[in-house]
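Undergrad: heads up, no residue letters with this:
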């Protein structure tokens, strides 16, 4: 598949952690900017983390700053989103996106999403 594939979602209690993975066999993620997005029911999609093509800069909105960390393992051609101190408000479908631009405003390749549910 051309699109990246997310994995690692699931049900977790508040305060818990999850690590999402984003992988593809069709292109080298090392040469792409990576973004993680989420969309909750009846809500707009929001970006929660991004890293530029050259691994020089990351961005997190205030809602997840110091709780979420984006990273990549080039040897495994996989990007990750480490999510700590999860809250019920973090419940959403999480999507990975990739783009060959340095710091894209729009991403070319999107995964199908993985559900994250934070509940007691």
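TA: Here it is on my side, so go on. Source: prediction; values computed, not measured. Residues are numbered from 1 along each chain as shown.

Undergrad: only C-alpha atoms for contact and neighbour calcs from this point on.
TA: Fine.

Undergrad: Give the residue spans of this structure that score low on pLDDT.
TA: Within the chain, the stretches with pLDDT under 70 are 1.

Undergrad: Report the separation between the nearest residue to residue 82 once chain neighbours are set aside and residue 86.
TA: Among residues not flanking residue 82 along the chain, residue 19 sits closest, at 4.4 Å (CA to CA, 6 or more residues apart in numbering). Noted for residue 19: a distance of 11 Å to residue 86, by CA to CA, to the nearest Å.

Undergrad: Who has more neighbours out of those two?
TA: Neighbour totals were compared for residue 19 and residue 86, and residue 86 leads with 22 against 16 (other CA atoms under 10 Å).

Undergrad: Go ahead and confirm that one touches residue 63.
TA: No - with contacts counted by CA atoms under 8 Å, residue 86 stays clear of residue 63, the gap being 11.0 Å.

Undergrad: Kindly list the main-chain dihedrals of the residue nearest to residue 82?
TA: Main-chain torsions, residue 19, degrees, to the nearest 10: phi -120, psi 120.

Undergrad: how about it, what does it touch?
TA: Residue 19 makes contact with 8, 9, 80, 81, 82, 83 under the criterion CA atoms under 8 Å, 6 or more residues apart in numbering.

Undergrad: Which residue is the nearest non-sequential neighbour of the third one?
TA: On the basis of CA to CA, 6+ apart, the spatially nearest residue to residue 80 that is not a chain neighbour turns out to be residue 21, at 4.6 Å.
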